[in-house]
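Chemist: below: sequence and its predicted model.
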Amino acid sequence: MNHDAHTLREFDAALSSLNTHLLQMAYKAQSALDLAAAGLLQQNESSANRAIADDEELDELEMTVDREGLHLLAFFSPVASDLKVVLASLRMSSMYERIGDEAVTIAKRANRLNKRPRIREAALADPVYREMAERFRAVNKAVSSWDGEALKVLVPALEDLAGHAASLTEAFACLPEQYQDNLVSVADLIFVGRSLERMAEGLQKVAAEGLYAAS
């Protein structure tokens, strides 16, 4: 058997496994956003609890990606484009895990909010969530094929998303005067806004890493 051919097959299999687990992380993080948003906007406690419970799987996937990526670096010494993919995957897995953590924060805040009198301005999060969900799907689709052109097109839209999320937090921060009797819920909404901001920033970083890998 040709040793080089055998090694190449092993490398291809290991790289394919890394890509598979990274994409599982990507779509698990996307699902976490959807579930957390359902908890907040539809007052669906079951969805919020699923977002919280599923975070453990996202953590496990991050450890798998880290282990596989380090194995590829240590045993195969990938070069050029393959090296970029491995390095980007390692950094992206951390970003997806953090996005999942922010979804958990939103889900927990949603469960608290839903036990108190409803603040109608919570609905302001809906258009930001819908925009983020759309961008999330587009980023994950581009990452699945390391499509640099698609990611490049998404950069301005992701900048807009980050701005809209920041504006949402500012809107929530202006609510205390109207809800002196429910300030704890206002605080929860401000934390929700900050989590959406961090998610938007995370998506920007994921896209940047995808562009690096595709270049």
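Modeler: Right, received. Where do you want to start? Residues are numbered from 1 along each chain as shown.

Chemist: and the top helix by length along the chain, which residues are buried?
Modeler: For the chain, the longest helix by residue count, based on DSSP state H, is helix 3-41. By 16 or more other Cβ atoms under 10 Å, the buried positions in helix 3-41 come out as 11, 14-15, 18-19, 21-26, 28-41. Every C-beta, even on glycine, is put in place using the N, C-alpha and C of the backbone.

Chemist: which ones are touching residue 141?
Modeler: By Cβ atoms under 8 Å, 6 or more residues apart in numbering, the residues touching residue 141 are 147, 150.

Chemist: residue 51: how many residues sit nearby?
Modeler: For residue 51, the neighbour count with other Cβ atoms under 10 Å is 27.

Chemist: host element of it?
Modeler: Following DSSP states H and E, one finds residue 51 within helix 45-76.

Chemist: tell me which other helices or strands that helix touches.
Modeler: Packing contacts for helix 45-76, counted by 3 or more Cβ pairs under 8 Å, 6 or more residues apart in numbering; DSSP states H and E, involve helix 3-41, helix 80-113.

Chemist: with adjacent residues omitted, what lies nearest to residue 112?
Modeler: Nearest residue to residue 112, sequence neighbours excluded (Cβ to Cβ, 6 or more residues apart in numbering): residue 188, at 5.6 Å.

Chemist: gap between that neighbour and residue 52?
Modeler: 15 Å (Cβ to Cβ, to the nearest Å).

Chemist: quick one: which of those two has more around it?
Modeler: Higher neighbour count among residue 188 and residue 52: residue 188, with 24 against 20, using other Cβ under 10 Å.

Chemist: centre of the chain to the helix or strand the more buried one falls within, how far?
Modeler: For residue 188, the element it lies in under DSSP H and E is helix 183-214. Helix 183-214 sits 8 Å away from the centroid of its parent chain (Cα atoms, centre = their mean, to the nearest Å).
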